[in-house]
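[1] structure for this input, please:
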Amino acid sequence: MNVLTHHLPSQRRWRRTVGSLAVTMLVAACASHAPAPYVERGGSTAVAAAPAPAVVPKDVYVVKKGDTLYGIALDNGLDYRELASWNGIENPNLILVGQQLRVKAPGTADSDVAVAKPVVLTQSVEKRSLDGNSDTLKRGPKGGKEPYSEQALAAAKSTTPAATPKTADPAPAAAPAATAVAKAEAKTEAKTEAKPDSKTDAAGPDEISWQWPATGKTIGTFSEAANKGVDIAGKAGDAILAAGDGKVVYSGSGLRGYGKLVIIKHNGTYLSAYAHNRAILVKEGQAVKKGQKIAEMGDSDADQVKLHFEIRRQGKPIDPLKYLPPR
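    Presented below is the predicted three-dimensional model:
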């Protein structure tokens, strides 16, 4: 009895250890058997291409923080009143961040932009059943023997093999999505651009005879990154002259950084801008002649008295020194 009593705790510990080991092995065995993947049987599965990102047409501008209708018009070589009219804007001082503005006249060739749609590819799934008794897994009937008789022989002789149906030509494979998109882009590029209006549009710089807008010294030259025109020094009140014939499409101080500003549209290609004036002497819509006094030099929104002069071709700033006569 003493010996049995002495070994009883050891036997209990051994049983607990064996039991814990068995539970651990059982859990590990269950965890190692991941559930079988579920497979859809029958039918077809439509695999849709990832949705195409939003495409902003090239004739549309999305308003950003700090934009003004006047600035957008200047950057696109437009009269801001035309821009407002195309977009149904009654108050030119009120545009919203994220608003999409058409920057080409409705109905022009450039306003038609093809946007490719997502392509849906259909991948057929083979119908198979796990049930061995289903029709899809049934084999042909086993051959059997029929007792000989004259009727059976006559029936066998009169039986003719069925004509094998002609296999239809396989349908041509669908064009890949990339090919469809490429065709849409090629079609867009092939469109003929709208011809310029012979009454207002110019084809190049030779059709405008430019002159200097002020007589002072050039103190700032053109730079695409820092200066979109040239700066001309002078005294307050000096005459600012139109650099070419045209029509005043803007007169005011609505563009930040330009002060009192005059913009003249010379034709469908070129604009000229005259900034930091002390006084403006022309009104919007007024026709002006080359050399006509349009403003007086000043320092509005500038650190000194000067004229900031720009020439823009289709809204893009270009170096005025390449167009103004040498002096």
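[2] just the buried positions in the biggest strand by length in the chain, please.
    Taking DSSP state E as the criterion, the chain has its longest strand at strand 270-280. Across strand 270-280, burial judged by 16 or more other Cβ atoms under 10 Å covers 270-278, 280. In this view, the C-beta of every residue, glycine as well, is placed from N, C-alpha and C.
[3] let me know the closest of those to Lys260.
    Closest to Lys260 out of these is Asn277 (4.2 Å), distances taken as Cβ to Cβ.
[4] the closest one and Leu78: what is the separation?
    According to Cβ to Cβ, to the nearest Å, Asn277 stands 22 Å off from Leu78.
[5] which pair in the buried residues of strand 270-280 spans the largest distance?
    Tyr270 and Arg278 (25.5 Å).
[6] which helix or strand lies directly C-terminal to the longest strand of the chain?
    strand 287-288 (DSSP states H and E).
[7] helices along the stretch 151-300 of the chain, start to end?
    177-190 (DSSP state H, counting those that start in this stretch).
[8] start to end distance for stretch 310-317?
    7 Å (Cα to Cα, to the nearest Å).
[9] residues near Arg256, how many?
    For Arg256, the count of nearby residues is 11 (other Cβ atoms under 10 Å).
[10] just the pLDDT at it, thanks.
    Arg256 carries a pLDDT value of 91.
[11] check Arg15 too.
    Value listed for Arg15 in the pLDDT field: 62.
[12] same question for Glu207.
    76.
[13] neighbours of Ile95, how many?
    18.
[14] show me what the longest strand of the chain is packed up against.
    strand 246-252, strand 260-265, strand 293-297, strand 306-313 (3 or more Cβ pairs under 8 Å, 6 or more residues apart in numbering; DSSP states H and E).
[15] which one of these lies closest to Asp59?
    strand 306-313 (17.9 Å).
[16] ok, Trp210 - contacts?
    243-244, 311, 320, 323-325 (Cβ atoms under 8 Å, 6 or more residues apart in numbering).
[17] 6 Å - rerun?
    Trp210 makes contacts with 243-244, 323-324, as judged by Cβ atoms under 6 Å, 6 or more residues apart in numbering.
[18] export those as TSV, with columns for distance to Arg256 and pLDDT.
    TSV is the format used below for those (distance: Cβ to Cβ, whole Å; pLDDT from 0 to 100):
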residue	distance to Arg256	pLDDT
Ala243	23	98
Gly244	26	97
Tyr323	26	95
Leu324	26	96
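[19] highest neighbour count among those residues?
    So for those (other Cβ under 10 Å), the most neighbours sit at Ala243, 28 neighbours.
[20] correct me, but that residue touches Ser272?
    Yes - with contact defined as Cβ atoms under 6 Å, Ala243 reaches Ser272; the gap is 5.0 Å.
[21] tabulate the helices and strands packed on strand 270-280 (JSON lines), appending mean pLDDT, mean neighbour count and distance to Asp231.
    Formatted as JSON lines, the helices and strands packed on strand 270-280 follow (pLDDT from 0 to 100; neighbours: other Cβ atoms under 10 Å; distance: least, Cβ to Cβ, whole Å):
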{"stretch": "strand 246-252", "mean pLDDT": "97", "mean neighbour count": "20", "distance to Asp231": "20"}
{"stretch": "strand 260-265", "mean pLDDT": "98", "mean neighbour count": "24", "distance to Asp231": "14"}
{"stretch": "strand 293-297", "mean pLDDT": "98", "mean neighbour count": "21", "distance to Asp231": "11"}
{"stretch": "strand 306-313", "mean pLDDT": "97", "mean neighbour count": "23", "distance to Asp231": "5"}
